[in-house]
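*Asks:* A predicted structure for the sequence below; I have some questions about it.
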Amino acid sequence: MTSQNATAPAPGRVQRWVEAVRVYGDRRMLVILLMGFSSGLPLLLTLSTLSYWLEKVGVDLTTIGLFALVGVPYSFKFVWAPLIDQGRIPLLTHWLGRRRSWALVSQAGLIGAILFMGSTDPATDPWWTAFAALLVAFFSASQDIAIDAYRIEILDEHEQGAGAATTQIGYRIGLIVAGAGAIGASDYIGWPAIFVGLAALTGIGMIAVLIAREPKAPESWERIAKAPLAAQLKLSVVDPFVEFLTRKGALVILAFVLLYKFGDAIGGTMAYPFYIQMGFTGTEIAAISKVLGVIMTLVGVAMGGLMVARLGIFRTLIVGGVLQAVTNVLYAWLAGRGHDITALTITIGADNFAGGIGSAAFVAYLSSLCNVAFTGTQYALLSSFMATGRTMLSSGSGWLAETLGWAPFFIATMFLAVPGLLLIWWLMRLYPAKLKPPEP
């Protein structure tokens, strides 16, 4: 017999989708949202906003490409992550706890570095600007070690997808401020005043730290604290890397982390010089790239978080990775159209939506790999490899764009995404159990 019940979705399935949405209302998600904002705010000061500033004052493309190297601290933060993971700050750690105290100190350093960067003039001495940007990246990376560990430790396993989406939403709002806010405002006020405003907004991250609850410390922390110095170094510095690197397929995981966002990183480094050469104004770029684009990223991130909760991490990574690769071709189409607002809107909207899905799944995957005893160090190792694709490997993007021309350059970035997709397939074979979606 056939009836409406034969085609209706099972109540349990509907309930699981409702549970996946409900977790976003948890108080912890507000803290994670604000911390995500604090993480995203300084990033563009070493990436696209910096590239835009340099292009506007007449720095050549090859030098702009080399400026991607100021993000090197993001690639090597695993070197000092054990200190932040296991070290204590006198008085402050007793008051706030280990995660929050390190986050607060990093944010104080970040404020000073942003103010220093705003006082430099890249037109006359770009290397002082580069040094200031390097300091911004160092303190920003240090903050990330603390707040990423906080996010992973404060959430249960089935909440990691929602946590990844929430931190990405806050992160992207921070990008709007440092991107659209800074670039749009630069048409009307000077860059020093813009940097003062960005430094002041870092205070939002400090508020998040003060209202947050410190996660429960793992038992291993007490054991490390009581051990002799040599044993402490082994337990806090050596063991986190050994534990990860001796896992099945560890090198495959690291290769995937390095390459999943590689194509987007190469294209993203040259995005703002590309927009300027296509004739778009700062206001147009801010309105479309850094407002509409980031809104579409937020939609993609929210969708990606739900997909992780219901479809699983690997399937969502595949969807996001394929969409990221395909939407890069739209930039080649835009290169042929020139100064076309409609084409810019379509290109940026589609690309950011795809990137949002991929980012939510990617952050959830990195979080799932961390052992709670070494959360900060292991996540720093993984995110450092991710940052390497965005900084060191993308430093030749300016040369590649000048050599190929804009349309072939963006087509090439699509093919640079293929190795990451192939590595997902490999990981699915290594870890078939992870194909099962998480249950609340």
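*Replies:* All right, it came through fine.
*Asks:* residue ranges with poor pLDDT in the chain?
*Replies:* 1-25, 217-230, 232-233, 290, 388-392, 433-440 (pLDDT under 70).
*Asks:* what is the burial count for residue 69?
*Replies:* 17 (other CB atoms under 10 Å). Heads up, the C-betas are built off the backbone N, CA and C, glycines and all.
*Asks:* setting the sequence-adjacent residues aside, check what's closest to it.
*Replies:* residue 395 (5.3 Å; CB to CB, 6 or more residues apart in numbering).
*Asks:* how close does the one you found sit to residue 67?
*Replies:* To residue 67, residue 395 is 8 Å away according to CB to CB, to the nearest Å.
*Asks:* just to revisit the earlier point, I'd say the residue nearest to residue 69 and residue 72 touch.
*Replies:* No - the pair formed by residue 395 and residue 72 falls short of the contact definition of CB atoms under 8 Å, at 9.5 Å.
*Asks:* just to revisit the earlier point, and residue 395 and residue 67? Which one has more around it.
*Replies:* Just comparing residue 395 and residue 67: by other CB under 10 Å the higher neighbour count belongs to residue 67, 25 against 18.
*Asks:* thought the more buried one was touching residue 52?
*Replies:* No - counting by CB under 8 Å, residue 67 sits too far from residue 52 to count as a contact (11.4 Å).
*Asks:* SS state for the residue nearest to residue 69?
*Replies:* coil (DSSP: H, G, I helix; E, B strand; the rest coil).
*Asks:* check the gap between the closest residue in space to residue 359 that isn't next to it in sequence and residue 361 for me.
*Replies:* The shortest distance from residue 359 to any non-neighbouring residue, by CB to CB, 6+ apart, is to residue 168 (5.3 Å). Distance of residue 168 to residue 361, given as CB to CB: 10 Å.
*Asks:* need the overlap of contacts for the two.
*Replies:* residue 304 (CB atoms under 8 Å, 6 or more residues apart in numbering).
*Asks:* how about residue 334, what does it touch?
*Replies:* 278, 340, 343-344, 347.
*Asks:* at 10 Å instead, please
*Replies:* 274-275, 278, 340, 343-344, 346-348, 406-407, 410 (CB atoms under 10 Å, 6 or more residues apart in numbering).
*Asks:* do residue 34 as well
*Replies:* 147, 166-167, 170, 173-174, 204-209, 211-212.
*Asks:* hmm, back to that, quick one, what contacts the residue nearest to residue 69?
*Replies:* Contacts of residue 395 (CB under 10 Å, 6+ apart): 65-72, 266, 269.
*Asks:* still on that earlier bit, now the buried members of the contacts of residue 334.
*Replies:* Buried subset of those (neighbour count, 16 or more other CB atoms under 10 Å): 274-275, 278, 340, 343-344, 346-348, 406, 410.
*Asks:* just flag the most distant two among those.
*Replies:* 346 and 406 (16.8 Å; CB to CB).
*Asks:* how many residues are close by residue 196?
*Replies:* Neighbour number of residue 196 under other CB under 10 Å is 14.
*Asks:* and it, how far from residue 183?
*Replies:* Distance, residue 196 to residue 183, by CB to CB: 16 Å.
*Asks:* equivalent analysis for residue 338, please.
*Replies:* The value you get for residue 338 to residue 183, if CB to CB is used, is 20 Å.
*Asks:* higher neighbour count, those two?
*Replies:* residue 183 (27 against 12).
*Asks:* right, and that one touches residue 283 too?
*Replies:* Yes - with contact defined as CB atoms under 10 Å, residue 183 counts as touching residue 283 (8.5 Å).
*Asks:* quick check: residue 270 touching residue 405?
*Replies:* No - counting by CB under 10 Å, residue 270 sits too far from residue 405 to count as a contact (11.7 Å).
*Asks:* of these two, who's got more company?
*Replies:* residue 270 (27 against 11).
*Asks:* tell me the first helix or strand C-terminal of the helix or strand residue 399 falls within.
*Replies:* According to DSSP states H and E, residue 399 maps onto helix 397-404. Downstream of helix 397-404, the next assigned helix or strand under DSSP H and E is helix 406-415.
*Asks:* would you mark the buried spots in that following helix?
*Replies:* Buried-residue list, helix 406-415, by 16+ other CB under 10 Å: 406, 409-414.
*Asks:* repeat for stretch 84-102
*Replies:* 84-86, 93, 96-102.
*Asks:* cool, stretch 65-80 as well?
*Replies:* Buried residues in stretch 65-80, counted by 16+ other CB under 10 Å: 65-78, 80.
*Asks:* which one of those is nearest residue 255?
*Replies:* residue 75 (15.0 Å).
*Asks:* if I look at that closest one, how far off is residue 84?
*Replies:* Distance from residue 75 to residue 84, by CB to CB: 16 Å.
*Asks:* before we move on, what about residue 195?
*Replies:* Going from residue 195 to residue 84 by CB to CB gives 26 Å.
*Asks:* ok so, going back, what's the burial count for the residue nearest to residue 359?
*Replies:* For residue 168, the number of neighbouring residues by other CB under 10 Å comes to 29.
*Asks:* again with residue 303
*Replies:* 18.
*Asks:* just checking, it touches residue 355?
*Replies:* No - Residue 303 is beyond contact range of residue 355, at 11.7 Å (criterion: CB under 10 Å).
*Asks:* mutual contacts of these two, please.
*Replies:* Common neighbours of residue 303 and residue 355 (CB under 10 Å, 6+ apart) are residue 320.
*Asks:* now stretch 120-139: buried residues?
*Replies:* For stretch 120-139, by 16+ other CB under 10 Å, it's 120, 122, 126, 129-139.
*Asks:* how far does the helix or strand harbouring residue 420 sit from the chain's center?
*Replies:* Here residue 420, judged by DSSP H and E, is contained in helix 418-430. Centroid separation between helix 418-430 and its chain, computed with CA atoms, centre = their mean, to the nearest Å, is 21 Å.
*Asks:* for it, which helices and strands make contact with it?
*Replies:* When contacts are defined as 3 or more CB pairs under 10 Å, 6 or more residues apart in numbering; DSSP states H and E, helix 418-430 sits against helix 250-259, helix 262-269, helix 313-327, helix 341-368.
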